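In: let me see the structure of the following:
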Amino acid sequence: MMDINYYIKTAYNDNPLWFMREVEKPHNITKIAKCYTLKRYLHGEHEVLGRKDVTYKGQTFKVKKLVLQIAKTIINFHSTYLLGKSVSLTGSEDLVKEFQDIYNYGGFNDIDLKLMTQNTKYGDAYEYIYKDDNGNITAKVFDSASSYPVFSDDGTYVAFIEHWTNIEGISYWNVYYEDRVEEWTNEGADAYIKNDKIQYSNLNIINVEDNESGLPNPYYEPSDWDYRYGEGLLELIVPIIDELEDLFSKMGDAIYTLSLNPLLTTIGQAIEGSISNDAIGYNINLDNGSDMKYVTANMDYNTIKLYIDKIENYLNMTAYLPSILGGSGNIANVSEVSLKMLYQLADVYAMITERIMRRGFNKRFNIIRKMINRENKEEYINVEFNYARPQNATETLDNINKQVTMGAMSIESAIEKSPLTLDKTQELERLKKDKKENSNTENVDTNNDIVK
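Out: Okay, here's the model as predicted:
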C-alpha cells in the first residue's frame, strides 16, 4: 500500500506545494463542478427557468416557469427518517456511558444529521474529529464543494485537502495528513501568469497542528463510475423533477392562452378596425357565408393525467418515497405490519444509508476510543438507529412485553427496542436507583427498625 510520502514523490516529484496541482486534476474539477450544479439547483436555478418568452396576439407573452422545490422536501424526509431521532448507543455499560457524555457535549446528534443530509445531496460527506478549546471531543463536517480526498494509484486513501477561495479572491488549502494538519494561503504570495492562469511561485503557511485522529472520516458508498466518490439521491431525481416542471409550465400556458383566452377566427369577410378589450355587448354584422368563432384547445384529459401520474410514480420510486406521501394511499387505524408496507421504499433507502452511516460510525468509535485510551477489545460500542416511521406503539410494546415475559428478551434489550426510550444509559441508571430504593424500603418496618 502506498502512503502519502510515496505518492507525493512519484506523482509530484516531492513538490512541497503538491496539493495545488492535486485539486486541479480533472476528476476533482468534475466532482466540484457537479457539486456546485446541485447547490445551484437547491437554490432554485432549475432548467425550466431557461424557457423563452413568446409573442402572442401581438404582445410579449411571459411563459410560465414553475419551479417545484420537491427536492428539498425529499432530502429532508430521508435525513429525518433515519436520523431525525437520536441514535441509541449500545454495548459495554461503562463505555456506553462515557460515549453518551461525549455525544452530548460534542453535539454528535446534530453532526450525524448534517452528514446524512450532505450524503443524500452530494453523495459523500467527511468529518474531522478533534478536541475543541474546552477539551470536548467533537467533529467538523466539511462542505462537499471544498472537499478533495486524495487517493494513491492503488486506491488507498492517503490524505485530504480542504480548499476554497473567498469573495476577495484569497485561496486557502488545509492539508490533512495522518499526523498533522497544514494550513496554507496565497495571501501575499508572488503571482504570475502561465497558460492564461494565475500561478504562484510560493505560498504562505499559516499554521501546523498535530493530528491525533488521523484523516477525515468518509461517509459514502462508492459509485459505479468512480470508487473515489459516491452518488447522491439528488442527482437521480433532478431529471424527473425537470420533466414535471416543464410539463406543468406548458400546461399552465396552454390553459391561460388557449382555454381562458382563446383566439378569435373569422371565415370569409375580413374584419377591419378593433374593439376595446373592455367592451361588452357589441354586435358584428357579417356577409352571407362568413363566420366568426372563438377557437379553444381541447385537452385530452385522460392522456395528460396518465402521463403526469406515471411521472409522479417514477419520482416516488426513484426518490424512495412512501406511497402515502405521494398522495396515492390512505391510512386509518392500520397495524404495524401495514405501516411497514406503506413505508417499505423509505425503509429500503434507510437501510442503504444506514450501512454507509454505520461504517462511518464504527470508524468514528475507533478514533474516539483511541483518543480516550479505551481500546480494550473486551469492551465494545455499537449503535441502533431509530427510524421516524409512524408506529403502532401499543402493538410494539405488547410484543416486547411478551418476549420479556417468556424470557426471550432482557430488560436492557427491551429498553433499547422501546419506542418510548430515548436514552438507554439514563433509563438503566434510574431503574437501578429505583430498585435500590425499593430494596431499602422493604428492609425497614413502620418503626424505622431494620428487620433482621
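
In: for the chain, which helix is longest?
Out: In terms of residue count, the longest helix belonging to the chain (DSSP state H) is helix 344-371.

In: helix or strand right after that helix?
Out: Proceeding N to C from helix 344-371, the next assigned helix or strand is strand 381-384, under DSSP states H and E.

In: ok now that following strand, how far from the chain's centre?
Out: 22 Å (CA atoms, centre = their mean, to the nearest Å).

In: which helices and strands does the longest helix of the chain pack with?
Out: helix 70-83, helix 93-106, helix 108-122, strand 124-131, strand 137-141, strand 217-220, strand 381-384 (3 or more CB pairs under 8 Å, 6 or more residues apart in numbering; DSSP states H and E). (Glycine included, C-beta is placed from N, CA and C.)

In: can you tell me what sits against the last one?
Out: I take that to be strand 381-384. 87-92, 95-96, 99, 358, 361, 365, 369, 416 (CB atoms under 8 Å, 6 or more residues apart in numbering).

In: any idea how far M351 is from T73?
Out: For T73, the distance to M351 equals 21 Å [CB to CB, to the nearest Å].

In: actually D143, not the one I wrote
Out: Computed as CB to CB, the D143 to M351 distance reads 27 Å.

In: now do the contacts for L244.
Out: The contact partners of L244, by CB under 8 Å, 6+ apart, come to 68, 70, 308, 311-312, 315.

In: and with 7 Å instead?
Out: L244 makes contact with 68, 311, according to CB atoms under 7 Å, 6 or more residues apart in numbering.

In: tell me how far the helix or strand where it lies is from the chain's mean position?
Out: In this assignment (DSSP H and E), L244 forms part of helix 233-254. Chain-centre distance of helix 233-254: 21 Å, with CA atoms, centre = their mean.

In: one more: stretch 139-151?
Out: For stretch 139-151, the distance to the chain centre is 15 Å (CA atoms, centre = their mean).

In: and it, C-alpha only, in PDB?
Out: Listed next in PDB are the C-alpha coordinates belonging to stretch 139-151 (Å, rounded to 0.1, in the frame of the first residue of the first chain):
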ATOM      1  CA  ALA A 139     -16.300  16.900  14.800                       C
ATOM      2  CA  LYS A 140     -16.200  19.200  11.800                       C
ATOM      3  CA  VAL A 141     -18.300  18.400   8.800                       C
ATOM      4  CA  PHE A 142     -16.700  19.500   5.500                       C
ATOM      5  CA  ASP A 143     -18.500  21.300   2.700                       C
ATOM      6  CA  SER A 144     -18.600  18.900  -0.200                       C
ATOM      7  CA  ALA A 145     -17.700  21.700  -2.600                       C
ATOM      8  CA  SER A 146     -14.400  22.200  -0.600                       C
ATOM      9  CA  SER A 147     -13.600  18.500  -0.100                       C
ATOM     10  CA  TYR A 148     -10.700  16.800  -2.000                       C
ATOM     11  CA  PRO A 149      -9.900  13.300  -0.800                       C
ATOM     12  CA  VAL A 150      -6.600  12.100  -2.100                       C
ATOM     13  CA  PHE A 151      -6.200   8.500  -3.300                       C
END
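
In: just to revisit the earlier point, could I get the helices and strands packed on helix 344-371 as CSV with mean pLDDT, distance to V238 and mean neighbour count?
Out: Converted to CSV, these look like this (pLDDT from 0 to 100; distance: least, CB to CB, whole Å; neighbours: other CB atoms under 10 Å):
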stretch, mean pLDDT, distance to V238, mean neighbour count
helix 70-83, 94, 7, 20
helix 93-106, 94, 34, 17
helix 108-122, 96, 11, 21
strand 124-131, 97, 17, 22
strand 137-141, 97, 23, 19
strand 217-220, 96, 19, 23
strand 381-384, 93, 32, 16
